[in-house]
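> next comes the sequence, and after it the predicted model I'd like to discuss.
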Amino acid sequence: MAKRLQKKSYAPLAGMIVLVLALIALLFFWTPETTAQTSQPSVESTTIVKEGAQAPNFTVEMFDGTKVTLSDLKGKVVLVNFWATWCPPCRNELARVEKEIIEKFKGQEFVFLPISRGESKETVAKFREKMGYTFPMGLDTTQSIFKKYATNYIPRNFLVDRDGKVVLVSVGYDDEEFAALVKKIEQEIKK
């Protein structure tokens with residue numbers, strides 16, 4: 001009996017070769033930085049309100065139930081601060097605010113206006129109690145105020161001068177940024 005010649009299939013072998021080559025390419029060309037650069041929008045592209053622009057007006061409900069409208073604060077220097085309880089840099093920044101901003105500029109034409117971004121009053125209440133904060137805080141549960149200023153990333157600070165113009169925008173928190181913020185507040189109050 002004659003043996004039948006069997007045709008061998010090379011498809012599984014070709015598939016394995018393609019897979020190995022893809023893994024080699026991934027190992028040589030992938031870095032965490034390249035993923036971060038392509039998957040996250042830049043700070044610049046997420047900032048709607050830039051330095052030199054008029055600050056968009058808003059009315060925010062404060063933790064105590066009162067309402068504050070930004071345009072009603074004209075004539076004062078206002079620091080609008082967007083933050084959240086789950087954000088470690090926000091918590092670090094808020095830990096310094098009472099002593100180094102609120103107390104320092106008390107009695108001057110200055111208002112610190114922290115606004116919790118996208119959190120319920122109950123969440124903010126628990127955070128305030130835990131941290132012992134008693135200073136006023138605004139609630140932006142739907143992020144409608146935040147979305148007038150930016151689309152991503154907190155903490156965010158918008159320093160508004162007496163005429164309603166944004167004179168400083170900062171994103172994130174570190175010692176240098178905080179020191180520059182305090183210095184700019186001092187400069188604006190002296191004007």
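Structure's in. What do you need? Residues are numbered from 1 along each chain as shown.
> which stretches of this structure form strands?
With DSSP state E as the criterion, the chain has strands at 59-62, 67-69, 77-83, 110-117, 138-140, 156-160, 166-171.
> could I get those in JSON lines, plus columns for mean neighbour count, distance to Lys104 and mean pLDDT?
In short, each C-beta sits where N, CA and C put it, glycine included. Below are the strands of the chain laid out as JSON lines (neighbours: other CB atoms under 10 Å; distance: least, CB to CB, whole Å; pLDDT from 0 to 100):
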{"stretch": "strand 59-62", "mean neighbour count": "16", "distance to Lys104": "21", "mean pLDDT": "97"}
{"stretch": "strand 67-69", "mean neighbour count": "13", "distance to Lys104": "21", "mean pLDDT": "97"}
{"stretch": "strand 77-83", "mean neighbour count": "25", "distance to Lys104": "12", "mean pLDDT": "97"}
{"stretch": "strand 110-117", "mean neighbour count": "22", "distance to Lys104": "9", "mean pLDDT": "97"}
{"stretch": "strand 138-140", "mean neighbour count": "21", "distance to Lys104": "21", "mean pLDDT": "97"}
{"stretch": "strand 156-160", "mean neighbour count": "24", "distance to Lys104": "14", "mean pLDDT": "97"}
{"stretch": "strand 166-171", "mean neighbour count": "19", "distance to Lys104": "16", "mean pLDDT": "96"}
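> just so I know, which of these lies nearest Met16?
strand 166-171 (46.8 Å; CB to CB).
> give me the residues contacting the closest one.
Here strand 166-171 makes contact (CB atoms under 8 Å, 6 or more residues apart in numbering) with 43, 47, 49-55, 150, 153-161, 177, 180-181, 184, 188.
> that concludes my questions; thank you for your assistance.
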